[in-house]
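Asker: Structure, please.
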Amino acid sequence: MVEKAEEMREVLLKLKEEAFEEIGKTLKSGTESLTDEPSGDIYDQASNERDRELTLLLGDREREKIRNIDEALARLDEGEYGVCEDCEEEIPLGRLKAMPFARLCVKCKADLEKLQAQTKRFEEDRVYREIASSEEEES
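Answerer: Now for the predicted structure:
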């Protein structure tokens, strides 16, 4: 177990370093694109704005990844790493290697995603029913 923990700590720290490097690249490219004078037609400007938004989105994903890694490292320190937060079974090493900051085993994650999909469909159906009833009231 100690070897597994140390191996995963190394993996998490490497991922964290890579995420920081990505953020650095994103910031550098974002700064360079901000200093460029607006040029070209409206289509070029729209394309540049879309690129800036994409750069910001990618930076947000990297920051979220770092937060997840930090939480996984804290669980390692507390001796809770590699245990499913839902069923409290040990998460297989293969899953941890594929997703080092996983909090749930594959079964519990699949159950959660299924529930989220059902909830989303329920909300969409509710919105459609509200739109349909408001259209009926207007006629």
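Asker: okay, CA-based contacts and neighbour counts for the rest of this
Answerer: Fine.
Asker: what about the chain, any weak spots by pLDDT?
Answerer: For the chain, the stretches flagged by pLDDT under 70 are 1-2, 27, 29-39, 55, 58, 139.
Asker: rerun that using 90 as the cut-off
Answerer: Within the chain, the set of residues satisfying pLDDT under 90 comprises 1-7, 18-66, 79, 93, 97, 122-139.
Asker: tell me which strands and helices the helix ranked longest in it is in contact with?
Answerer: Longest helix in the chain, counting residues (DSSP state H): helix 42-78. Helix 42-78 sits against helix 2-35, with contacts defined as 3 or more Cα pairs under 8 Å, 6 or more residues apart in numbering; DSSP states H and E.
Asker: Give me the buried positions along the longest helix of the chain.
Answerer: Buried residues in helix 42-78, counted by 16 or more other Cα atoms under 10 Å: 48, 52, 55-56, 59, 62-63, 65-66, 68-70, 72-73, 75-76.
Asker: One more: stretch 102-114?
Answerer: Residues 102-105 are the ones in stretch 102-114 that count as buried (16+ other Cα under 10 Å).
Asker: Make TSV from the residues you listed and add secondary structure and distance to residue 84 to it.
Answerer: TSV is the format used below for the buried residues of stretch 102-114 (DSSP: H, G, I helix; E, B strand; the rest coil; distance: Cα to Cα, whole Å):
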residue	secondary structure	distance to residue 84
102	coil	8
103	coil	6
104	coil	4
105	coil	5
